[in-house]
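>>> Quick one, structure for this:
(chains A and B)
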Amino acid sequence: MLELRSLSLDRGGQAVLDGIDLRIGAGEFVGLLGPNGAGKTTLLRAALGLLSARGHSSLAALSVRERARAAAYMPQGRQIAWPMPVEALVALGRIAHPHSAGAADRAAIERAIAALHLEPLRHRRATELSGGEQARTLIARALAQETPLLIADEPIAGLDPGAQIEVMRLFRRLSDQGHAVLASLHDLGLAARHCTRLVMLDRGRIVADGAPDAVLTAENLARVFGITAHLAQGPGGILFQPLDTIEGESR
Amino acid sequence: MTRPRLLFAGLAALVAALFLASLLTGPAGVGPGESLAALFGGGDDLLGLVMRELRLPRAILGLLVGAALGMAGAVLQGFLRNPLAEPGLIGTSASAALGAVLAIQTGLSAAFPLGLPLAALAGAGLSVLLVLALAGPRGGTLALILAGIAISALAGAATSLVLNLSPNPFAINEIVFWMMGSLADRSMLHVWIAAPFMMLGFALLWPLRRGLEALTLGEDAAASSGVNLGRLRLMLVAGIAALIGGATAVAGTVGFVGLVVPHVLRRAVGASPARLVPASALGGAATVLAADIAVRLIAPGRDLKLGVLTALVGAPFFLHLILKTRREGL
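Alright, predicted model coming up:
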């Protein structure tokens, strides 16, 4: 689905991405973790070819049209320039499929609207919605693109707890159906519970990659995030609760 | 009929009615039936000449210039995601005007009837190349706007310099009048000069509608949903230059049409940037045809300039728009 080989990017003489190697296959829901400025957004954009970088990315090698059918992307910035109805914004996902039939487009749009529970909002102007409702609209837009791979930059930021869990479940369901999802996340607890795999990024390098309980270790959390946390095995997977910051740590 | 279809049908009918009204408005004081008969070669020779050589080119140019200004405004606003964007924003209008001013000043326009429009087209073309060079092939929206501001300022300063240093008061007079914008006393020759460029502009901008729609969610979202932004930017700048260069060459600078028309029609098309493109082309044509009829009715024989009227109506509207934008935090 996605293959990155020694992807590197410098900005102002400093390495923002430094030799990223990553393979994501069907059935995986990968959570991309890392502190602010670790390079998560840069990694996602470079993987898509929206930023030019050294090294190889299987998506960046595609033409713009092929890429749009291989991967959908939900950017971090929630830009909605015009007061268009929610339904029309969700329909923008279908621009990736210029030759698909109108009925197939409508079905994809309906599925996306239903998946994000946007039915009551579908005729509202998107610019008048709350931040969380806008985020759900934009996730639905990416979903309507119906690509094998979905890449989302902080998709659950600003959502209420219920909506966060819904979106994480939805992504997990997609990966269980054979899609792949790569999402940058700040909520480590939700990431631990719902992702099939976590990738931890620090200063442009991948410092940990694997199953949630292998990545979310006390040592990694201290080294990368500078925090201590309570980690426990619960019924539905690993339980995570951040406790305190580590003072004086030379990060 | 669905709402958008109804809107397009209504706008098209309005444009047709105003085109007819433009043909029938003038100081000759002849009845409509007689005028139309003369137009198609059935009537008296002098009236036929007036209809075919004065009124018909004026109406056609009103239609073309209006459609060009309206469409260019809608496309630029969609691309820049800013309701305050205007065709003059990327510096094309000011550069086209500079080209024309130089033609008048150097006597090129007097020596050679095509001199003025060709110089305006050259100015528009040069500004486009400059914008591309300054904003770069992958330059963002901000780079494009800044490049446009710089080019507008430069062209404006150069125009002032030409006027400043001009030893010839008649040339200054001619320049000032031309810059006010008008469709009076144009011939079929002007139509043949401007039409090919504007047709090229319409053809370049028409296929960009899907891309503009996708840009509602920003450049990354558009690019990842299959819009080739580099190509879109190139076609957009070339198309805008062709439209504005062609329009400025034959009509001078007619401002605010590209600003006001897309704004008025936005709500009617559900804010869709794609549907706004044809709607604004029709709306722009209707606006310029109506304004050109108005200048003839308000002050017959006084040669009230079209560009002056659109600015008088448009500038307060622009202020209203700024206030509204600030209130809505758009």
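
>>> Surely B:Ile60 and B:Val191 touch.
Yes - counting by C-beta atoms under 8 Å, B:Ile60 touches B:Val191, with 5.2 Å between them. Every residue, glycine included, has its C-beta placed from N, CA and C.

>>> Quick check: B:Ala135 touching B:Leu142?
No - the pair B:Ala135 / B:Leu142 is not scored as a contact, 9.0 Å apart, by C-beta under 8 Å.

>>> more crowded one of these two?
The residue with more neighbours, out of B:Ala135 and B:Leu142, is B:Ala135; 21 against 10, by other C-beta atoms under 10 Å in any protein chain shown.

>>> what about that one, distance to B:Ala147?
Noted for B:Ala135: a distance of 5 Å to B:Ala147, by C-beta to C-beta, to the nearest Å.

>>> for B:Ser127, helix, strand, or coil?
The assignment at B:Ser127 comes out as helix when based on DSSP: H, G, I helix; E, B strand; the rest coil.

>>> Specify which residues of the stretch 201-330 of chain B, grouped into ranges, have pLDDT under the cut-off.
Counting by pLDDT under 70, the low-confidence segments of the stretch 201-330 of chain B come to B:325, B:328-330.

>>> Grab the nearest non-local neighbour of the residue of it found nearest chain A.
Using C-beta to the nearest C-beta, the closest approach of the stretch 201-330 of chain B to chain A is made by B:Gly226 at 3.1 Å. Computed as C-beta to C-beta, 6 or more residues apart in numbering or on different chains, the closest residue to B:Gly226 that is not its neighbour in sequence is A:Ala68, at 3.1 Å.

>>> could you measure that neighbour against B:Thr248, distance?
37 Å.

>>> What of B:Met198?
11 Å.

>>> on that earlier part again, A:Ala68 and B:Thr248: who's more crowded?
B:Thr248 (33 against 26).

>>> In contact with that one: list those residues for me.
B:Thr92, B:Ser93, B:Ala96, B:Ala97, B:Ala100, B:Ala120, B:Ala124 (C-beta atoms under 8 Å, 6 or more residues apart in numbering or on different chains).

>>> where's it, which helix or strand?
helix B:229-251 (DSSP states H and E).

>>> quick one, phi/psi of the residue most central in space within chain B?
Nearest residue to the geometric centre of chain B (C-alpha atoms, centre = their mean): B:Leu69, 2.8 Å. For B:Leu69, the backbone dihedrals (degrees, to the nearest 10) come out as phi -70, psi -40.

>>> doesn't B:Val260 make contact with it?
No - contact status for B:Leu69 versus B:Val260: not in contact, 9.9 Å apart, counting by C-beta under 8 Å.

>>> returning to that earlier point: tell me which residues in the helix holding B:Thr248 are buried?
Residues B:229, B:232-233, B:235-251 are the ones in helix B:229-251 that count as buried (16 or more other C-beta atoms under 10 Å in any protein chain shown).

>>> Centre of the chain to that helix, how far?
11 Å (C-alpha atoms, centre = their mean, to the nearest Å).

>>> Restrict the helix or strand just after it to CA atoms and write it as PDB.
Next in sequence after helix B:229-251, counting helices and strands by DSSP H and E, comes helix B:257-266. Extracted C-alpha coordinates of helix B:257-266, given in PDB (Å, rounded to 0.1, in the frame of the first residue of the first chain):
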ATOM      1  CA  VAL B 257     -17.200  43.800 -12.300                       C
ATOM      2  CA  GLY B 258     -15.000  40.800 -11.500                       C
ATOM      3  CA  LEU B 259     -15.400  41.500  -7.800                       C
ATOM      4  CA  VAL B 260     -19.100  42.300  -7.500                       C
ATOM      5  CA  VAL B 261     -20.600  39.800  -9.900                       C
ATOM      6  CA  PRO B 262     -19.200  36.600  -8.300                       C
ATOM      7  CA  HIS B 263     -20.100  37.900  -4.900                       C
ATOM      8  CA  VAL B 264     -23.800  38.600  -5.800                       C
ATOM      9  CA  LEU B 265     -24.200  35.200  -7.400                       C
ATOM     10  CA  ARG B 266     -22.300  33.000  -4.900                       C
END
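
>>> how much does helix B:257-266 deviate in direction from helix B:229-251?
Counting by axes from the mean of the first three to the mean of the last three C-alpha atoms, to 10 degrees, helix B:257-266 lies at 120 degrees to helix B:229-251.

>>> Whichever residue of the stretch 51-200 of chain A sits closest to chain B: what's it in contact with?
Using C-beta to the nearest C-beta, the point where the stretch 51-200 of chain A gets nearest to chain B is A:Ala68, with a distance of 3.1 Å. Contacts for A:Ala68 (C-beta under 8 Å, 6+ apart) come out as A:Ile95, A:Ala96, A:Gln145, A:Thr147, B:Ser224, B:Ser225, B:Gly226.
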